[in-house]
Structure formats: structure tokens, C-alpha cells
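S.K.: Got a predicted structure here, sequence first:
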Amino acid sequence: MLHIIHFMKHIPTLFIAVLSVLAMVSCKSQKSSEQSSDTDTIAVTQVQFNADSAYASIEKQCSFGARVPNSEAHRLCGDYIVKSFKALGLEVTEQKTDQTAWDGKTLHTRNIIASYRPEATDRIIICTHWESRPWADADPDSTKHHQPVMAANDGASGVAVMLEVARHLSELKPNVGIDFICFDSEDYGTPYWASDKDPKDGSDWCLGSQYWAAHPHKEGYKARFGILLDMVGGQDARYAYEGISMRYARDVMVRVWDAATRANAGNLFQPVDGGYAQDDHVPMNEVAGIPTIDIIPFIEGEHSFGTTWHTTSDVPANISKETLRGVGQTLLQFLSEQ
């Protein structure tokens, strides 16, 4: 793609703002030539995503407190996620390991994998991260920068959407196996006040997915493609074609965006070029070799990832049920087409 503007999920908001404005100028709207010209031939699923149920899951996750790695809230929420997927009849695998963070702390990382039709060899992945960032270092109030993020959107929303999608699989009956993966320790990257300890290569972020990509939960594991959910409940969310996704999994991204149109969520999924996000899909693409897209908000203006990103305002009250519904219904529609 020409004139693509890079943005990273974890760089300062002001810098993102400049890049976002440039992206408006340099990135032209486009529908891929690969997109079907006749969507009327594809059936629209009658299975309906329940945004109220997804919102209740966000509230439940946040009721434990901020799910900072190594905390009691983190342990309790992990137990809740495991129990919830098992209650839906999925096979759950927990991948536990100790990882060293940028500050030298040992993080007791817990990846949670819930498998639908675990016997199927044709598999796809839907994934997110589930923990909270320990520092609200993008909060407009600098006195709150050392407080943890509740992560209703940047964490809990992805889990909630996956649980609700999983709840409908018995109705949807997709012809593929699905692994729902909840990655841990995605958001433990270096805060701005410790920039002297920043490795500068992004390796301090996405620790759980880095581990899983190098050590999948099953030997010889293969999946056709993956879909990463990151911040899928924001009130101001809009989703563009993320650059790394287009590099490795262009066809998947375009097909998901097409499904969004059939799911009446075209207002959320905009067929325009976004930037590049340092996120859990990077090790999935570059280490595991699984073509994976990132559904992540890219909003023109000052707050490219939404006004609550890495702030103390990332709470359930600022979640949009309409965004949850749009993303969830898009996934149900997409799965119905597999």
C-alpha cells in the first residue's frame, strides 16, 4: 500500500493524533477488487448476537477489579473465563508460564484456549487479550497515570464478544473447528516514565501471544487463519483495514468487512486503509505463521484508539452495546459463511 501511515497501539496519543490526520489525507477509500460484486447470493444468518449478554459479561469481569497480572482480580477473572467457556460445552486448555517483564518482574502468564469441535482438523482462531494494563498512562489527569486501567473495552470487551459468539455455536453449526484464545499480559508494556528501560522493539508487549506463537497449546497445531479482537466495545469505535493484517491476511480482512455489511454493521467497518498496530496478531503472523487480522479501532483525530484508551475512564459505563452488537453480529455472519 502506498503512503501508508504507521501507528502503534502503544505509542503516545499525541503522536498517534498527528499520524491519524495524515492518514486521512494519504489513505484513499477503497473496496478491494477481491470483494464480491454480488452479496445478494450470500445468505444472512438469522442467529442474533445478544449485546445485553455481552455487556453483562463485561460488567462481571470488571466486578473483580482491574485484572493486572499476578493480582487476585486477575486470578478470579481467569477462573470466571474458564468456567464460562466450559459451561458452553467447549474444551478448555490453560497454558501457564512465567515470563519476565520489562521491569524485571516475573509475570504468571495464563493463556486460556477454548476449543469448539476440538477433533476438527480445519480450524480458525478468534482471539483477544483479557488482562488489564497496570498504568493509566494516557489519562488526561496525570495524577492517575500510576493507577490501573479497568479495561472494560481494552480487554473485557473482546472476551465478552467471544463468549457470546461461542454461546450461539449450537445454533450456527459452523463447519470448522474454532479456538477462542484469551491471551494474557498483552498490555504490560513499558510506560512512558520508564523509557530508558524500553527495549524499543515492541517485545515488552503481547507477552502471552508471543509465548503461544512459539509454543502452541497442541503440538503441530495449525489454523487456516485468525481474527484478533481489540477494543470492540467503544462508543466511538470505527474499524479500518489495519496494515499488518492486510500484509498477511488481506483476503480474510476483506471477507470480514464484507460480512459486516451483511450484518448491518457497515458503519463500524469502514473499507479504508488504517495504520499498523503492534498487537497480538504480530507474533501470530510472524512466528506462528497463521494469517491473522486485527479488528482494532482507528478513529481520525486526537484519540485514535478511543477516548478511554489506557485511561481510568475505560469502565463499563463507557461501553457501547451497539458496537458490541455490530462486531458480534459480523462474526456470526462471517462464521455462517465458512
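M.R.: Perfect, thanks for sending it. Numbering: from 1, shown residues only.

S.K.: show me where pLDDT drops low in the stretch 151-300 of the chain?
M.R.: Within the stretch 151-300 of the chain, the segments meeting pLDDT under 70 span 299-300.

S.K.: hey, where'd the strands end up in it?
M.R.: According to DSSP state E, counting those that start in this stretch, the stretch 151-300 of the chain carries its strands in the segments 177-183, 225-229, 239-241, 269-273, 292-295.

S.K.: next one: the stretch 1-150 of the chain
M.R.: 91-100, 106-116, 123-129.

S.K.: which SS state does the closest residue to residue 268 other than its chain neighbours fall under?
M.R.: Leaving aside its chain neighbours, residue 268 sits nearest to residue 326 (4.4 Å; criterion: CB to CB, 6 or more residues apart in numbering). C-beta: built from backbone N, CA, C; applies to glycine. At residue 326 the chain is in helix, as set by DSSP: H, G, I helix; E, B strand; the rest coil.

S.K.: pretty sure residue 326 is touching residue 265, no?
M.R.: Yes - with contact defined as CB atoms under 8 Å, residue 326 reaches residue 265; the gap is 3.5 Å.

S.K.: which ones are touching the nearest residue to residue 161 once chain neighbours are set aside?
M.R.: Distances taken as CB to CB, 6+ apart place residue 328 nearest to residue 161, at 5.0 Å, with adjacent residues excluded. Neighbouring residues of residue 328 by CB atoms under 8 Å, 6 or more residues apart in numbering: 49, 51, 54, 161, 164-165.

S.K.: Tell me which two of these sit farthest apart.
M.R.: 51 and 165 (12.0 Å; CB to CB).

S.K.: Now do the helices in the stretch 151-300 of the chain.
M.R.: Here the stretch 151-300 of the chain has its helices, by DSSP state H, counting those that start in this stretch, at 157-167, 169-172, 207-214, 243-262, 281-286.

S.K.: Which one, of those, ends up nearest to residue 64?
M.R.: Ranking the helices of the stretch 151-300 of the chain by proximity to residue 64 (CB to CB) places helix 157-167 first, at 12.1 Å.

S.K.: Next, the angle strand 123-129 makes with that closest one.
M.R.: Compare the direction of helix 157-167 with that of strand 123-129 by axes from the mean of the first three to the mean of the last three CA atoms, to 10 degrees and you get 140 degrees.

S.K.: what sits up against helix 157-167?
M.R.: Counting by CB under 8 Å, 6+ apart, 49-50, 53-55, 57-58, 61, 81, 84-85, 88, 90, 114, 116, 126-130, 178, 180, 182, 229-234, 319, 324, 327-328, 331-332, 335 sit against helix 157-167.

S.K.: Can I have the buried ones of the residues you listed as a PyMOL selection?
M.R.: The following PyMOL line selects those of the contacts of helix 157-167 that are buried, judged by 16 or more other CB atoms under 10 Å:
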select buried, resi 49+50+54+55+57+58+61+81+84+85+88+90+114+116+126+127+128+129+130+178+180+182+229+230+231+232+233+234+319+324+327+328+331+332+335
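
S.K.: Against residue 91, how distant is residue 155?
M.R.: In this view, residue 155 and residue 91 are 24 Å apart by CB to CB, to the nearest Å.

S.K.: more neighbours, the two?
M.R.: Between residue 155 and residue 91, residue 155 has the larger neighbour count (other CB atoms under 10 Å), namely 29 against 14.

S.K.: Distance-wise, check that one relative to residue 317.
M.R.: With distances taken as CB to CB, residue 155 is found 16 Å from residue 317.

S.K.: Could you check how many residues crowd around residue 67?
M.R.: 30.

S.K.: Please list all residues in contact with it.
M.R.: 61, 73-74, 77-78, 130-132, 151, 155.

S.K.: mind putting the residues you listed in a markdown table, distance to residue 216 included?
M.R.: Shown next, in a markdown table, are the contacts of residue 67 (distance: CB to CB, whole Å):
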| residue | distance to residue 216 |
| --- | --- |
| 61 | 25 |
| 73 | 28 |
| 74 | 23 |
| 77 | 23 |
| 78 | 19 |
| 130 | 18 |
| 131 | 20 |
| 132 | 25 |
| 151 | 26 |
| 155 | 23 |
